[in-house]
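# After the sequence you'll find the predicted model.
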Amino acid sequence: MQIRYPALAAAAAVLLLAGCASGSTAAEPAPAASAGTDSAFPVTVENCATTVTVEAAPERIVTIKSTTTELLLALGLGERIVGSAFLDGPLPASLEEAGADLNVISDFVPGQEAVLALTPDFVYGGWESNFSAEGVGERAALADLGIGSYVSPAACKGDAMPDPLTFDTVFAEISEAGALFGVPDAAAALVTDQEAELAALKPAAGDTTALWYSSGTDTPYVGAGIGAPQMILDAAGLTNIFADVQDTWTSAGWESVVAANPDVLVLVDADWNTADSKIANLKANPATAGLAAVLNDRYIVVPFAAGEAGIRNVEAAASIIDQLAELQTE
């Protein structure tokens, strides 16, 4: 399916419709960028089995999920973000100033009415599921209104799903976003910085096993073998106990966790599902209270946004390495 998104027509169409109705140093923001100043248009990319063409750099962007918001802030595009939603936690320290004036319209996925009220010409989503009739609207329906859309490629499903996700895929998204939003030079500089930071990592030695615990109480939702958790754990030198599961994340039984008896527990920290709540659950659950990692408080904490494909993945791997080193000296 091919969808074209002429930016000027987008603005007119949406205006008409509206009339009717842990700190991080993952990235320093680039200087504020003017639309289309350093890129040739039109730009066409293949995105989650959809052909996306933009005729000019989008100027009124809605971002869904922390990862998309943080990338655009790092590219110096904060002034073009007219609304953000579904932020999983605070911005990293390096982006706090750039994101000080973010217009957060919802703690979760916003409805289409709230999005259209902002008269956007583009919606950048972190998950394919953000684009549904119950969410911001299906991509084809948005296109009919002249609104472009792009999904983080790491979150594509079906044949378009990265298998496995690699840092090359993450860096390619930065480059692709730079082209779509008219700031390829800022994107290239960010990729260069990220590649250098990745190359400088010193993975943990030995064979330390880990559980990546994302959410869930009765049934934990954990990092599996082909997504961002696996990629980050590999970079940090840890062995994922669910590396053999062919998925990005998966539901697992506590009995499997107990049987694997991981050396450390990597806890995802989100505003809506904190690391502290996970620790309380692990200690209260008879099935996990006796795990050596629980008895000895061998926890590593990763901000939610750093555990999804984005500009904070390299920093997450570095943090895991440092936190593991601290645990080993206790």
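Perfect, I can see it now.

# Which parts of this protein belong to which domain?
Domain assignment for the chain by automatic domain parsing gives 2-197, 208-329.

# which one of those has the lowest average pLDDT?
Comparing mean pLDDT across the domains of the chain, the weakest is domain 2-197, with a mean of 87.

# Run the chain-centre distance for that domain.
Here domain 2-197 is found 11 Å from its chain centre; the criterion is Cα atoms, centre = their mean, to the nearest Å.

# all strands of the stretch 151-300 of the chain, in order?
For the stretch 151-300 of the chain, applying DSSP state E, counting those that start in this stretch gives strands covering 208-215, 221-223, 238-240, 249-251, 264-269, 299-303.

# I'd like the ones you listed as TSV, with distance to V82 and mean neighbour count appended.
Using the backbone N, CA and C atoms, a C-beta is placed for each residue, glycine as well. Shown next, in TSV, are the strands of the stretch 151-300 of the chain (distance: least, Cβ to Cβ, whole Å; neighbours: other Cβ atoms under 10 Å):
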stretch	distance to V82	mean neighbour count
strand 208-215	30	23
strand 221-223	32	24
strand 238-240	39	22
strand 249-251	31	17
strand 264-269	28	23
strand 299-303	25	23
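
# any idea how far the closest residue to A205 other than its chain neighbours is from L180?
Excluding the flanking residues, the one nearest A205 by Cβ to Cβ, 6 or more residues apart in numbering is G237, at 6.8 Å. Going from G237 to L180 by Cβ to Cβ, to the nearest Å gives 34 Å.

# higher neighbour count, the two?
Between G237 and L180, counted using other Cβ atoms under 10 Å, the more crowded position is L180 (26 against 18).

# tell me the contacts of the closest residue to G126 other than its chain neighbours?
Closest residue in space to G126, ignoring its immediate chain neighbours: K65 at 2.7 Å, by Cβ to Cβ, 6+ apart. For K65, the contact set (Cβ atoms under 8 Å, 6 or more residues apart in numbering) comprises 86-88, 125-127, 130, 152, 305, 308.

# Could you pull up phi and psi at K65?
For K65, the backbone dihedrals are phi 90, psi 150 (criterion: degrees, to the nearest 10).

# how near is it to L72?
In terms of Cβ to Cβ, K65 sits 11 Å off from L72.

# Counting neighbours, what do you get for A259?
9.

# That one and A293: what is the separation?
14 Å.

# that older thread, now flag whichever of the contacts of K65 is closest to R60.
G125 (15.4 Å; Cβ to Cβ).

# beta partners of the closest residue to that closest one other than its chain neighbours?
Once flanking residues are discounted, G125 sits nearest to I64: 4.4 Å by Cβ to Cβ, 6+ apart. Note on I64: beta-bridge partners by DSSP bridges are A85, G125.

# Tell me if I'm right that I64 and G111 touch.
No: counting by Cβ atoms under 8 Å, I64 stays clear of G111, with 11.8 Å between them.

# Of the two, which one has the most company?
Between I64 and G111, counting by other Cβ under 10 Å, I64 is the more crowded of the two (31 against 16).

# Could I get the contacting residues of that one?
By Cβ under 8 Å, 6+ apart, the contact list for I64 reads 84-86, 109-110, 123-127, 130, 136.

# Redo those residues as a markdown table? Include neighbour count.
Formatted as a markdown table, these follow (neighbours: other Cβ atoms under 10 Å):
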| residue | neighbour count |
| --- | --- |
| S84 | 26 |
| A85 | 26 |
| F86 | 24 |
| V109 | 21 |
| P110 | 24 |
| V123 | 29 |
| Y124 | 28 |
| G125 | 26 |
| G126 | 26 |
| W127 | 21 |
| N130 | 25 |
| V136 | 28 |
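
# Make JSON lines out of those residues and add distance to G99.
As requested, these are exported to JSON lines (distance: Cβ to Cβ, whole Å):
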{"residue": "S84", "distance to G99": "8"}
{"residue": "A85", "distance to G99": "13"}
{"residue": "F86", "distance to G99": "14"}
{"residue": "V109", "distance to G99": "19"}
{"residue": "P110", "distance to G99": "18"}
{"residue": "V123", "distance to G99": "18"}
{"residue": "Y124", "distance to G99": "15"}
{"residue": "G125", "distance to G99": "18"}
{"residue": "G126", "distance to G99": "16"}
{"residue": "W127", "distance to G99": "20"}
{"residue": "N130", "distance to G99": "19"}
{"residue": "V136", "distance to G99": "20"}
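
# Check the residues you listed against A200 and report the nearest one.
G126 (26.9 Å).

# Pull the number of nearby residues for E330.
7.

# Just the pLDDT for it.
pLDDT, E330: 77.

# where's A27 relative to S94, distance?
6 Å.
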